[in-house]
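> Structure for the following, please:
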Amino acid sequence: MPFVRLCAIWVILTSLPAFSTPLYQVYTGPVSAMVSAEAFPGVSEAKGTMQVNSIPAGSTVKAAYLYTNDWFTTAPLKANFGSKDLGDAAPSSTDGQFSTYRWDVTGAINGNGSYNFDLTGGTQIYSVALAIVYSTPGQPDRTITLTDFSTEVSAPGGYGATAGTPEMNLHLNSPYGGEGTLWLLTSADDPQSSGEGIYFNAAQVGGPIDGNLGLVSSLFRLPVQVQAGDNRMSLTSGGDWFGWSLAILDAPGASTAVPEPASFGLALSGLVALFVYRRRRS
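Numbering: from 1, shown residues only. I've put the predicted structure just below:
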């Protein structure tokens, strides 16, 4: 199947202030996604180890990106991942005081294992994440839409949405409907100001956003019901000021429609008739 279907699958980021170069990629076929992340308490240097343990044997890594975000600066950050010096990177997107950084580490992922990282030059780093899209022969077709961006949620003097009011909308288009999974990463969220909600097509699927990854960052993997066409994700805030920087939608890659009972009965009758006919000729 095509690697990217820009004519059939498109993304629109709305209700966002200007940002520079968000990543948008769509993968189709027997593909899956995973995200591993660590939280930090607002540091200038973030060091740790990413654990990758869900890639089946025989899979091929299609894409892998190392992410971090920083507050109150747009200075370049330097990164090392495994044995690779990834060099300096300017923010891939910025909104107000919140910036997202990314490095392409596709060539550095060799299946499951532990991958060390070291990020320096920051001001207030609250999270580091690794997102991987991989293909596994024999698995059902899926549609993986990976996008990153920067947005401040409930920024002082900014949006100021209250609980139950959409704070920021992210629109992703899917060619098919069915059961899906939504990954998203937030940074600098805390339990002192709670009541946030995560909504998918107007249905609440998660929340509050109170640092489930660590003290002040959250990583969510949520089951969602994808509809064919436009799908809207939104966050609400009860007063907390935090950043949203990553969303991955794992959606059906083919129609999952179930035949009507009458149609199924006709098909079964046809198979029985064919079997009887073949028996008579043998």
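> what about the chain, any weak spots by pLDDT?
Scanning the chain for pLDDT under 70 picks out the ranges 1-21, 155-168, 256-282.
> Quickly note the distance from the residue nearest the centre of it to Leu219.
Nearest residue to the geometric centre of the chain (C-alpha atoms, centre = their mean): Ile248, 1.9 Å. Using C-beta to C-beta, to the nearest Å, one obtains 11 Å as the distance from Ile248 to Leu219. Just so you know, the C-beta spots here come from the backbone N, C-alpha and C atoms, and that holds for glycine as well.
> residues in contact with Gly29?
Contacts here follow C-beta atoms under 8 Å, 6 or more residues apart in numbering; on that basis Gly29 touches 1, 135, 141-142, 253.
> for it, which residues make a bridge with it?
Residues in a beta bridge with Gly29, per DSSP bridges, are Arg142.
> before we move on, back to that, quick check: neighbours shared by Ile248 and Leu219?
When C-beta under 8 Å, 6+ apart defines a contact, the residues bordering Ile248 and Leu219 alike are 35, 183-184.
> so which of these would you say is closest to Phe98?
When the shared contacts of Ile248 and Leu219 are compared for distance to Phe98 (C-beta to C-beta), Leu184 comes out closest, at 14.9 Å.
> show me the contacts for the closest one.
Each residue near Leu184 by C-beta under 8 Å, 6+ apart is listed here: 198, 219-220, 222, 233, 244, 246-248.
> again with Leu182
When contacts are taken as C-beta under 8 Å, 6+ apart, Leu182 is in contact with 200, 205, 220-222, 224, 233, 247-250.
> So it belongs to a strand, correct?
Yes. The secondary structure assignment for Leu182 places it in a strand, going by DSSP: H, G, I helix; E, B strand; the rest coil.
> coming back round to it: now the shared contacts of Ile248 and Leu219 in CSV, please, with extra columns for distance to Ala129.
Conversion of the shared contacts of Ile248 and Leu219 to CSV gives the following (distance: C-beta to C-beta, whole Å):
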residue, distance to Ala129
Val35, 6
Trp183, 10
Leu184, 11
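> Just among the contacts of Leu184, which is most surrounded?
Looking at the contacts of Leu184 with neighbours defined as other C-beta atoms under 10 Å, the largest count falls to Trp244 at 29 neighbours.
> show me the contacts for that one.
Shown in contact with Trp244 (C-beta under 8 Å, 6+ apart): 149, 151, 153, 168, 184-187, 235.
> How about Thr181?
Thr181 sits in contact with 33, 221-224, 249-250, where contact means C-beta under 8 Å, 6+ apart.
> what pairs with it across the strands?
On the basis of DSSP bridges, Thr181 takes part in beta bridges with Pro223, Asp250.
> Equivalent analysis for Tyr134, please.
Listed by DSSP bridges, the beta-bridge partners for Tyr134 are Ser32, Val61.
> And for Tyr67?
Each beta-bridge partner of Tyr67 is listed here, defined by DSSP bridges: Arg102, Ala129.
> So it sits against Leu246, correct?
Yes. With contact defined as C-beta atoms under 8 Å, Tyr67 reaches Leu246; the gap is 6.2 Å.
> Going along the chain from the helix or strand Thr100 falls within, find the next helix or strand for me.
When secondary structure is defined by DSSP states H and E, Thr100 falls within strand 98-104. Tracing the chain C-terminally past strand 98-104 and defining elements by DSSP H and E, one meets strand 113-120 next.
> for the chain, what spans make up the helices?
If DSSP state H is used as the criterion, the helices of the chain fall at 261-281.
> Could you dump the contacts of Leu184 into JSON lines and include distance to Gln51?
Shown next, in JSON lines, are the contacts of Leu184 (distance: C-beta to C-beta, whole Å):
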{"residue": "Ile198", "distance to Gln51": "24"}
{"residue": "Leu219", "distance to Gln51": "13"}
{"residue": "Phe220", "distance to Gln51": "18"}
{"residue": "Leu222", "distance to Gln51": "21"}
{"residue": "Met233", "distance to Gln51": "26"}
{"residue": "Trp244", "distance to Gln51": "24"}
{"residue": "Leu246", "distance to Gln51": "18"}
{"residue": "Ala247", "distance to Gln51": "22"}
{"residue": "Ile248", "distance to Gln51": "18"}
